[in-house]
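# okay, sequence plus prediction incoming.
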Amino acid sequence: MTNKELLVKEIESLPPELLTEALDFIRFIKASHLQRNSPAAPNLSADKLKGSKAKDLLEFAGSWSGDDIRECLQLVHDSRMPLQP
């Protein structure tokens, strides 16, 4: 059985409430792989982003690579925490 077939088998056996988490993880793996293997990708280390202000993040403007920006943006909206009063 190929790795792809094994993955499909595992995904099919997941309870519905874990499917979104699995999808998020797969997208994370893809994004990490693209970032590591793209010489044009900016260095987005957690240390660099921690405590950043909006103007500090401007260097990353227009640096999105991929064709899934709408899905990723929707994921951010769906998974963000509610605003605390």
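Great, that's in hand.
# so where does residue 25 fall, helix or strand?
Assigned by DSSP states H and E, residue 25 falls within helix 16-36.
# buried ones in that helix?
Buried residues in helix 16-36, counting neighbours by 16 or more other Cβ atoms under 10 Å, are found at residue 31. Bear in mind the C-beta positions are built from the backbone N, C-alpha and C, glycine included.
# hmm, who's touching it?
Applying Cβ atoms under 8 Å, 6 or more residues apart in numbering, the set of residues contacting helix 16-36 from outside is 11, 14, 41, 44, 65, 66, 68, 71, 72, 75, 79.
# could you find the closest non-adjacent residue to the first one?
Counting by Cβ to Cβ, 6 or more residues apart in numbering, residue 22 is the residue found nearest to residue 11 once chain neighbours are left out, at 6.3 Å.
# let me see the confidence value for the one you found.
Looking at residue 22, its pLDDT stands at 88.
# likewise for residue 2?
For residue 2, the predicted pLDDT is 93.
# any regions of this protein where pLDDT drops low?
For the chain, applying pLDDT under 70 flags the ranges 38-52, 57, 64, 83-85.
# how about the helices in it?
Under the criterion DSSP state H, the chain contains helices at 3-12, 16-36, 46-49, 69-79.
# among the contacts of helix 16-36, which ones are buried?
For these, a burial check counting by 16+ other Cβ under 10 Å picks out nothing.
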